[in-house]
Structure formats: structure tokens, C-alpha cells
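> Predicted model and sequence follow; I will ask about them next.
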Number of protein chains: 2
Amino acid sequence: MIRFAVVGTNWISHAFCEAAQESGRLELVAVYSRTLETAQTFADEYGVSRVYDDLDEIAGQPDIDAVYIASPNSLHAPQASLFIRQGKHVIVEKPMASNLAETEALIALAKEHGVVLLEAMKSRYTPNLVRAKEVLATLGPLHRASLSYCQYSSRYQRYLDGKNPNTFNPEFSNGSLMDIGVYPLSAALELFGIPKSFTASGQLLDSGVDAHGSLTLKYDTFEVLLSHSKVSDSYLPSEIQCENGSLMIESISRFKQLTVHERGLPERNVSLHQSDNEMVYEAHHFADLIEQGNYDHEGLEKTREVSRILTEARAQLGITYPADAL
Amino acid sequence: MIRFAVVGTNWISHAFCEAAQESGRLELVAVYSRTLETAQTFADEYGVSRVYDDLDEIAGQPDIDAVYIASPNSLHAPQASLFIRQGKHVIVEKPMASNLAETEALIALAKEHGVVLLEAMKSRYTPNLVRAKEVLATLGPLHRASLSYCQYSSRYQRYLDGKNPNTFNPEFSNGSLMDIGVYPLSAALELFGIPKSFTASGQLLDSGVDAHGSLTLKYDTFEVLLSHSKVSDSYLPSEIQCENGSLMIESISRFKQLTVHERGLPERNVSLHQSDNEMVYEAHHFADLIEQGNYDHEGLEKTREVSRILTEARAQLGITYPADAL
């Protein structure tokens, strides 16, 4: 059993801890939060007694093997770095870091210290991602795809009310592209590989982060449009158009359901069964990598490419974070 | 009753002639085709006896008031010009002409000769277009829209087989942007006005025309993505995302059905009743303009803007037509 700690006590940390339990391979043993009280409330739900409000202290515990980090984006790199230096395996929420330089430094550091570093991009390890690739190979030449994640943030009203929530604050390396756009971008790289070139567009808020936007990814013989928004909702699935039919993906962050429309035929559900908590697949993958001692796994290069495109797209849009100046 | 002739005997001409009948204001009196036999077969369906294979001859008939032109794109301008010079009112299929220069010349010529010139952009005159604008005004700030018309052309296989069909031949000013992309583009200009700027991308065939592509239209506070394809199908409606809800449009060329999703509420069908043949609305509009003697109507400026964007988009993509050199 891999003994892990959690950093951050948001809903996503709960989802990961439940996935870890479901995997049967990762045991939560300690919780960090900025206050002991918050850490304790979280820990109590899992019958865990050890709580910390000091990062150095939790990172130094010899009986902790690994850590799951779900703090604000800007803290991913410094916190992951701290745990890696203490020889801990690290799974860190997407996006791995604020920019490409941080991502590359983390990857190098993990290899140097012989620990697993993994970006918690949950869609990347789902059965339906594999299934989607399989189905696409049967539909003829790929021509167009439109992958979308547009979800109104309940905190947008707080932003409009001048309350400066983290999620629209450049101090935390946030915004639509980083928080939401990373899902269709990662899915595109999984499904179609690395684009030849791309252009980004987006709408910036006065705070300096983007509220919504798009990326047009250009490949040799096809084109992929990515849409993301934190200020409006989409009710449509993502769609990949091949010459003989189209594949619909319900929820690009979860690959929840796959539907195929072949021209002239009725639509078919081609999904595989998936756990309702897709994080169980990344939890298993993390455990696999640790058990195999695989510190140079292929997920790192994918994370690096995603980070490169996010960083270049922000440059195109004029979005800068304090973390970029470090 | 306005007495009109038809140029071109494709399915779209049948749809217009049926719409003209349904309007009760336009009477088909003559048919032109390159062969008299084809013209006669078409004319027989409407109990019409006068058929022509000579354009000058049909354009010179004094008892013909108007003409509907549905020839290949490259012939729109020379044919429309011929009829305008003979004092005929002209309704011409979309896109009005091969490029902006031709479009502007036609508009000037129609004003000079005091005749109605109208682009047969059927969506522009539907009740549901008006309804869509009304509904959008209730959904809060507009953020993103994705308008799409992707429909596999049955002639693509003929193209792949080397048979050089008109629809993929630059000689006829064809291709995905011109034939299909013009629908979401026109709808965008109707719904959102003229964009501040735009970028085009697309995939070119060896013949020199585009097989599919996209336009990103930039407005001050929102962004509109247009997708079009003649080599793949989309099964999704167009979607307009506002802050409090989204509007779905089934068939962007027809505005067939409107559905609203307001956040937290069940979806609602907000469509108005429309004729199954939406061309009846443009037929009525054409008749209105003729009866009013309105030769400088607002549709002309919309057509001009669409033509400008199509022409500039082709320049971005490197798509040129023989007609551009005239």
C-alpha cells in the first residue's frame, strides 16, 4: 500500500481520496491545509489523524511515500518541488505548473530524485479515451474536430461584485485557458498528437485573466477547434468529424459517453463501462508508475507539450502571471 | 402578380419555384437551361410552356419582370448583370458573386437601373431569425457562439475518383467556404453585426478549393467560431452562449428550431412556426421590395459585408478563382 498525503482540501481532493480508496492501492495518511482546523475536518472524513499546517514538516515525514497536490495553480510548482526534494512521489492537479519553465524544471527534478511525477489529467487514463482512439480509426480520414469545455463558474458573480476570487486572479495562475481549456487541449493531444501550429484567441477580464477563449490547432490534414469558458455554459458534446462518420464525446474532461454517427446509419453508443469517479484510473496509473519505478514515463512529455501550448497561447493573448517573472 | 423566370434547373430551383407558388405573389413564366430539353422537363412540372437555351433571348422578354438565378457561383455575376441591364429584378442564390468586386459592381448596377437585387440567403428572412434575436436579448451578456454547417457532399467521392465535379472546381467559384460557410457567416452577421476582425483557416484540396475550414470572428466583448465542411458531417446544432443561458439553433441555414437552456432550468423550445420551405420568406421579401420599389434595401449592405469577408478569407487561405482575374 502506498501511503500518501493530500495538500489542499477542496472538492477535488475529496474526489481523489475517494478514487484512491476505490483503487485499493493508495492509503491517505496525512492532510495539509493552511489551518489545522480545515485539515482536521477533511481528515476526519477518512479516519485520518495526522494533520499539518506546515508544508516542510509534512514533506519531511519519512513514512509518507507520496503526495496529491490540489492547491491553486501558482503553488503547484513550489509545493511539488518541495515534496520531490524530500523523495516523495507527486501527483499534481492540472495544469502541472504556471508555465513551461516551471513544468520542465519539475520534470527534471523528479528524474534527478528518482520519484514519480504525474499530472492529474483524469481523462488521459480513462478506458473511453482508448476506446475513442479505436473507434476513430474506423471512421475514415479525420477532417474536423470541435472539443469544448464551457462551464459557468459560480464565482464569476463574486468577481463581478469586486470580491477578487482566486479563480479569476492572475496571482494564482488561473483563468479559463488554464483551469478549463487544459481539458480539451490535453484531450486533443491524446487523440490527435502534437499540432503543427496553433492560434489562440480569448477575452480578458480587467483582472488580467481570460474569461473564455478558443484555440485553433492545425495539423497536416485536419483542424481542431477548442473552446473554453468560465462565464458561459455549453450544452453540446465534443464532436470529431471523419469522412464516414462522427464521434461525439460527452464531457471532454471525463470521456463519460461516446456516441458514433456513421452516415446513413442510426447513432450508436460505443462507450466502455467507466467508474463514475474517473480519477480512479489516474490513481491506478500513479500506483503503477510507483510500483514500476517508472520515473521517465510518457505522460511527462504530454504534460510538457500541454504546458508549452498553454504558455505560448498566453503569450499570444497577453496573459501574464506573477509566476512568469520568477 | 410578379412574372419571373428561372435560370438553373437544380433542386434549389424547384425549392424556390415551390416557395414562389406558396407566396401567391410570384408566377413562374419561363425557364432557362443550357439545353431546351432540360428546361422543358423542369417547366413541365409547373405547367410553363416558355423555355430558353439563350440567355440574351430570355433576358430580353418584355413580359418577364424578374429572374431567379441558381447557376454555379461563377455565373451569378455575369448572368445577374445581363438581366439587370434588361431592367429585370434579380434574386440570385448565395453567395451573390465570386468576390467583393463583382458584388459591389452588381449592387451599383441594380441601383443604376432601378431594379431590385436580392441575395437568396433564405435564413435571413425566417421568423426564427427574428425570434432568435429576441431570445438572445433575454439571456444576459453574450460570450461565445459556435455556428456550424458541415455536410458531406455526395460529390466528394466523384472528386476523389478524378471526375472533377463543379462543386470542387475553382472554375465555378466553389468550395466549402463559398457554398456552405456562407450560411453560418451570414447568420453571424445577422445575429451579431459586423466583426471587428477575423481569421480564417481551412484545408485545401489539390483542385485549389477548400474542403472544410473555420472562421474566428472577433467582436469587442465576444467571439464567434464558424465551422464548415463539405467532406464531413456535423450532428450538432449551433450554440450561442450567454451569461445566463445558451440558445441552440437547429440548422443554421434554415433556423429550423430554437431551444433555450437557461442555467438551472429545463430546456425550452422557443421556436416560431415556420414553413417547411423557408424560401417562401425570401420570396415574400423579394416581392415586397419589388412592390415598394426599394432598390437600396438593407439586405444589400449585408450581402456586401458577407462578400467582403468571404473574399478576404479566401485571400488568407490562398484560394483564388479564375473569376478573380476578370
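Done, it's in.

> So which bits of chain A are right by chain B?
Residues of chain A lying close to chain B (C-beta under 8 Å from any C-beta of the partner chain) are A:143-144, A:146, A:148, A:150, A:152, A:156, A:199, A:201-203, A:211-214, A:216, A:218, A:221-223, A:225, A:227, A:229, A:231-237, A:239, A:241-243, A:245-246, A:248, A:261, A:263, A:267. The C-beta positions use only the backbone N, C-alpha and C, and glycine is treated the same way.

> all strands of the stretch 101-250 of chain A, in order?
A:117-120, A:142-150, A:197-204, A:210-218, A:223-229, A:238-242, A:245-250 (DSSP state E, counting those that start in this stretch).

> So chain A: which segments form each domain?
A:2-121+A:280-296, A:127-273 (automatic domain parsing).

> The longest one: end-to-end distance?
Across domain A:127-273, the straight-line distance between its terminal residues is 8 Å, by C-alpha to C-alpha, to the nearest Å.

> what about that domain, distance to the chain center?
A distance of 13 Å separates the centroid of the chain from that of domain A:127-273, by C-alpha atoms, centre = their mean, to the nearest Å.

> What's opposite the spatially closest residue to A:Ser148 that is not a sequence neighbour in the beta bridge?
The shortest distance from A:Ser148 to any non-neighbouring residue, by C-beta to C-beta, 6 or more residues apart in numbering or on different chains, is to A:Ser227 (4.2 Å). Listed beta-bridge partners, A:Ser227: A:Ser148, A:Ser214 (assigned using DSSP bridges).

> on that earlier part again, can you say which of the residues of chain A next to chain B are buried?
Among the residues of chain A next to chain B, those scoring as buried are A:143-144, A:146, A:148, A:150, A:152, A:156, A:201-203, A:211-214, A:216, A:222-223, A:225, A:227, A:229, A:231-234, A:236-237, A:239, A:241-243, A:245-246, A:248, A:261 (criterion: 16 or more other C-beta atoms under 10 Å in any protein chain shown).

> quick one: secondary structure of the residue with the largest distance to the centre of chain A?
If you look at how far each residue of chain A sits from its centre, by C-alpha atoms, centre = their mean, the farthest one is A:Gly264, at 36.7 Å. Under DSSP: H, G, I helix; E, B strand; the rest coil, A:Gly264 falls in the coil class.

> A:Glu93 contacts A:Ala70, correct?
Yes: using C-beta atoms under 8 Å, A:Glu93 is in contact with A:Ala70, at 4.5 Å.

> which residues do those two both contact?
Common contacts of A:Glu93 and A:Ala70 (C-beta atoms under 8 Å, 6 or more residues apart in numbering or on different chains): A:8, A:12, A:120.

> and which of the residues you listed is nearest B:Asp276?
Lowest distance from B:Asp276 to these (C-beta to C-beta) belongs to A:Ile12, with 49.0 Å.

> quick one, helices of chain A?
A:11-23, A:36-44, A:55-59, A:73-85, A:100-113, A:127-136, A:156-160, A:176, A:182-192, A:279-292, A:299-317 (DSSP state H).

> Identify the residues contacting the first one?
By C-beta under 8 Å, 6+ apart, the surrounding residues in contact with helix A:11-23 are A:4, A:6, A:26-28, A:42, A:45-46, A:68, A:70, A:91, A:93, A:120, A:275, A:277, A:279-280, A:282-284, A:287.

> buried residues in it?
Per 16+ other C-beta under 10 Å, helix A:11-23 contains these buried residues: A:12-13, A:15-23.

> before we move on, back to that, looking at the domains of chain A, which is nearest to B:Gly114?
domain A:127-273 (44.0 Å).

> Adding distance to B:Thr167 and mean pLDDT as columns, could you present the helices of chain A in CSV?
Shown next, in CSV, are those (distance: least, C-beta to C-beta, whole Å; pLDDT from 0 to 100):
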stretch, distance to B:Thr167, mean pLDDT
helix A:11-23, 50, 97
helix A:36-44, 62, 97
helix A:55-59, 64, 98
helix A:73-85, 48, 98
helix A:100-113, 44, 98
helix A:127-136, 27, 98
helix A:156-160, 45, 96
helix A:176, 39, 98
helix A:182-192, 28, 98
helix A:279-292, 45, 98
helix A:299-317, 35, 98
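
> Relative to B:Leu205, how far out is whatever residue of the stretch 51-200 of chain A ends up closest to chain B?
Proximity of the stretch 51-200 of chain A to chain B (C-beta to the nearest C-beta) peaks at A:His143, 4.2 Å away. Distance, A:His143 to B:Leu205, by C-beta to C-beta, to the nearest Å: 11 Å.

> swap in A:Gly213?
From A:Gly213 to B:Leu205 the distance is 30 Å (C-beta to C-beta).

> ok, now A:Met121?
36 Å.

> and what of A:Ala187?
Counting by C-beta to C-beta, the gap from A:Ala187 to B:Leu205 is 28 Å.

> ok, now A:Leu177?
Distance from A:Leu177 to B:Leu205, by C-beta to C-beta: 33 Å.

> Settle it for me: which of the two has more neighbours?
Set side by side, A:Leu177 and B:Leu205 show more neighbours around A:Leu177, with 27 against 19, by other C-beta atoms under 10 Å in any protein chain shown.
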